[in-house]
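1. Sequence plus predicted model, see below.
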Amino acid sequence: MSTRPTQRPAITLTKLAEKKALGEPIAMVTAYDYPSAQVAEEAGVDIVLVGDSGAMTVLGYPSTVPVTLDELLMLAAAVRRGLSTPLLVGDMPFGSYEVSNEQAIANAQRFIKEAGCDAVKLERGGTSIERARAIVAAGIPVMGHVGLTPQTATALGGYRSQGRTAERGLEVMHDAIGLEEAGCFGVVFEAIPAALTELIMPRMHIPVIGIGAGSATDGQVLVFHDLLGIYDGHAARFVKRYANVREAMVEGVKAFAEDVRTRRYPEPDHGYTIAPDELERLHELMREMRGEPFTGGLSL
């Protein structure tokens, strides 16, 4: 008997707005490939982000900055093939939208057309607000991202919480409101004080998804590899591990290697058989190839 959940209706922008209005929390995770998309689908999350964090978690880069647009498009297309219900958002990587509105629109269109994403996400306020407005005007839904923005972490003083001074807190608020006014359907708040989030939330009319921003947001997001304990890199303070999948994976592969070295694997049940008459015929054909006379079998 199947344990898979019954198919839910697809999550739309309207549905997300309804969740905010009704006070229903929104669950969002990242995913970077077909299997993780299937897990997110069956787990019943509302939004899946193909985040540029995949640069580190699956591509092995030291930060999010080096990942290319083509690499993220490849990952997003794989996720699309495993996903049907959650809203799929593609993260626009560093260098793919900063130069001009035209560049931003063209690259956002690639996420929709080539990878099948439902929306795109971009970081920061400032000029990103103008880019977001242009992309929305081109008919593509946009999610904003304020607070700690990893693509520009160096300029922010490293991977550290933001908005911890009155002036910087006001900047974060202005950025969030500016992204809403530009037409974004939602905004991610990352690594900002919970008290700042509580001050900003009454001014936000679109869904706000938090990651290290306290519990006052409309939903929460974690990186797939962080929450499952797959990624072995540094875990941020806001990460809660719900499983230790990497440890189980290592133990499984170690057990396999040990079975191979002690010849416990494969067992007979893991192999395939051939009918005795076909095996005899194979022996005959091999003898003929070597020019040897046939000595097996009986004749009348």
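-> All right, it came through fine.

2. Next, the contact list for A243, please.
-> L227, L228, G229 (C-beta atoms under 8 Å, 6 or more residues apart in numbering). No exception for glycine: its C-beta is placed from N, CA and C like everyone else's.

3. before we move on, what about Q151?
-> Q151 is in contact with D52, T64, V65, P93, F94, E123, R124, counting by C-beta under 8 Å, 6+ apart.

4. and what of M173?
-> Applying C-beta under 8 Å, 6+ apart, we find M173 in contact with L196, L199, I200, R203.

5. nearest spatial neighbour of the third one, skipping sequence neighbours?
-> Just to be clear, that refers to I200. Distances taken as C-beta to C-beta, 6 or more residues apart in numbering put M173 closest to I200, at 4.9 Å, once the chain neighbours are dropped.

6. Count the neighbours of the spatially closest residue to A119 that is not a sequence neighbour for me.
-> Distances taken as C-beta to C-beta, 6+ apart put P141 closest to A119, at 3.7 Å, once the chain neighbours are dropped. Neighbourhood size, P141 [other C-beta atoms under 10 Å]: 21.

7. G95 now?
-> Burial measure for G95: 15 neighbouring residues, criterion other C-beta under 10 Å.

8. do V79 as well
-> V79 has 29 neighbours, counted by other C-beta under 10 Å.

9. thought it was touching P35?
-> No - assessed by C-beta atoms under 8 Å, V79 is found out of contact with P35, at 9.9 Å.

10. which residues in the stretch 1-150 of the chain form helices?
-> Assigned by DSSP state H, counting those that start in this stretch, the helices in the stretch 1-150 of the chain fall at 13-22, 34-43, 54-57, 69-81, 101-113, 127-137.

11. most packed of those helices?
-> Among the helices of the stretch 1-150 of the chain, ranked by average contacts under mean count of other C-beta atoms under 10 Å, first place goes to helix 54-57 (a mean of 24).

12. Report the mean per-residue pLDDT for it.
-> Taken as a whole, helix 54-57 has a mean pLDDT of 92.

13. Based on its surroundings, how many neighbours for G212?
-> 22.

14. Just give the nearest non-adjacent residue to V136, would you?
-> G183 is the one closest to V136 (C-beta to C-beta, 6+ apart), at 3.6 Å.

15. For that neighbour, list the residues it contacts.
-> Going by C-beta under 8 Å, 6+ apart, G183 touches A132, R133, V136, A137, V142.

16. Most neighbours of all the contacts of Q151, which one?
-> Counting neighbours by other C-beta under 10 Å, the top entry in the contacts of Q151 is D52, with 28 neighbours.

17. one step back: who wins for most neighbours among the contacts of M173?
-> Across the contacts of M173, neighbour numbers were computed from other C-beta under 10 Å; I200 holds the maximum, 26 neighbours.

18. Distance check, that residue against E190.
-> The spacing between I200 and E190, counted by C-beta to C-beta, to the nearest Å, is 13 Å.

19. Repeat that for E181.
-> According to C-beta to C-beta, E181 stands 20 Å off from E190.

20. Looking at those two, which is more packed in?
-> Shown here are E181 and E190; by other C-beta under 10 Å, E190 has more neighbours (21 against 12).

21. Okay, and the beta partners of the more buried one?
-> Beta-bridge partners recorded for E190 (DSSP bridges): G147, I211.

22. what bits of the stretch 101-250 of the chain have low per-residue confidence?
-> Along the stretch 101-250 of the chain, segments meeting pLDDT under 70 span 150, 152-160, 233-234.

23. what do you get if the cut-off is 80, keeping everything else the same?
-> Where the stretch 101-250 of the chain drops to pLDDT under 80, the residues are 149-161, 231-237.

24. could you pull out the strands for it?
-> Remark: strands assigned in the stretch 101-250 of the chain by DSSP state E, counting those that start in this stretch are 119-121, 142-147, 186-190, 208-211, 219-222.

25. could I get these as CSV with distance to E167?
-> Output for these, formatted as CSV (distance: least, C-beta to C-beta, whole Å):
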stretch, distance to E167
strand 119-121, 26
strand 142-147, 15
strand 186-190, 18
strand 208-211, 21
strand 219-222, 27
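
26. which stretch among those strands comes nearest V29?
-> When these are compared for distance to V29 using C-beta to C-beta, the nearest one is strand 219-222, at 6.2 Å.
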